[in-house]
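Student: Show me how the following folds:
(2 chains)
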Amino acid sequence: GDSVTQMEGPVTLSEEAFLTINCTYTATGYPSLFWYVQYPGEGLQLLLKATKADDKGSNKGFEATYRKETTSFHLEKGSVQVSDSAVYFCALSDTGNQFYFGTGTSLTVIP
Amino acid sequence: SQTIHQWPATLVQPVGSPLSLECTVEGTSNPNLYWYRQAAGRGLQLLFYSVGIGQISSEVPQNLSASRPQDRQFILSSKKLLLSDSGFYLCAWELRRGANVLTFGAGSRLTVL
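Tutor: Predicted structure coming up:
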């Protein structure tokens, strides 16, 4: 079945460091891919998405490119801020309106 | 605009007691609705989803149940809570046609003692 695997955390970075959180997926069809962010004590918020191969989703300085050949959707940001500290979830949605989430990666950015 | 409400935000219950968590959506009609659980240190586990009134699909067998008595209302229940039911419960909705994006509520934190 469909699934998402993302790198385990926690990840700790200094402010202005480069961020990469790896995500790979398994799907039988052509899913849409997402990154969600969860700030402490809150629900998940959509950060960015891509609906087809080679699409790049971007938002708030974060980017991820849908790579069909490597079945990946890695999240990147060139310069992280303390306010980016959160848990990040990679997810996919198949044609059946099912959503599959990774286990989440906790990011802490220190000043 | 569409909004989603969950309550209560925090709940502490003894083992064996009943549970009712409620989720309502405003500003849309005929949404797909979902209940997820996030246990400490774990990812999201899909518990139930619903494509319409009275239509509930269960993803994981457990002592929880869900109901959708109205189009924009989704309720998560249990007759007798277990310690393992502790976690962060998230309701989410999706527009029925093609939006393909989940919008989450703020979550309900349940602690079973």
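
Student: what about the strands in chain A?
Tutor: A:3-6, A:11-14, A:19-21, A:23-26, A:32-38, A:44-50, A:56-59, A:62-65, A:75-77, A:86-93, A:99-101, A:105-110 (DSSP state E).

Student: Let's verify the residue nearest to the spatial centre of chain B: helix, strand, or coil?
Tutor: For chain B, the residue whose C-alpha lies nearest the mean C-alpha position (C-alpha atoms, centre = their mean) is B:Trp35; its distance is 3.2 Å. Using DSSP: H, G, I helix; E, B strand; the rest coil, the structure places B:Trp35 in strand.

Student: Show me where chain B dips below the pLDDT cut-off.
Tutor: Screening chain B residue by residue with the criterion pLDDT under 70, one finds the ranges B:41, B:61, B:96-99.

Student: if we can go back for a sec, what bridges to the residue nearest to the centre of chain B?
Tutor: With DSSP bridges as the criterion, B:Trp35 is bridged to B:Phe48, B:Cys91.

Student: for A:Phe101, what are its contacts?
Tutor: A:4, A:36, A:89-91, B:36, B:43-44 (C-beta atoms under 8 Å, 6 or more residues apart in numbering or on different chains). C-betas here are computed from N, CA, C, even on glycine.

Student: Chain A contacts on chain B?
Tutor: Residues of chain B lying close to chain A (C-beta under 8 Å from any C-beta of the partner chain) are B:6, B:32, B:34, B:36, B:42-44, B:46, B:49, B:51, B:90, B:92, B:94, B:100-107.

Student: what about stretch A:42-58, how long is it end to end?
Tutor: End-to-end distance for stretch A:42-58, by C-alpha to C-alpha, to the nearest Å: 22 Å.

Student: If you count neighbours, what's buried in it?
Tutor: Within stretch A:42-58, the residues that qualify as buried by neighbour count (16 or more other C-beta atoms under 10 Å in any protein chain shown) are A:42-44, A:46-50, A:57.

Student: Greatest separation within those: which pair is it?
Tutor: A:Glu42 and A:Ala50 (23.7 Å; C-beta to C-beta).

Student: where in chain A is pLDDT low?
Tutor: Across chain A (using pLDDT under 70), the flagged ranges come out as A:96-97.

Student: One more pass at 90, please.
Tutor: Within chain A, the stretches with pLDDT under 90 are A:1-3, A:7-9, A:28-30, A:40-43, A:93-100, A:103.

Student: Write out the residues of it neighbouring chain B.
Tutor: Taking C-beta under 8 Å from any C-beta as the test, the list of chain A residues beside chain B reads A:32, A:34, A:36, A:41-46, A:49, A:51, A:89, A:91, A:93, A:97-104.
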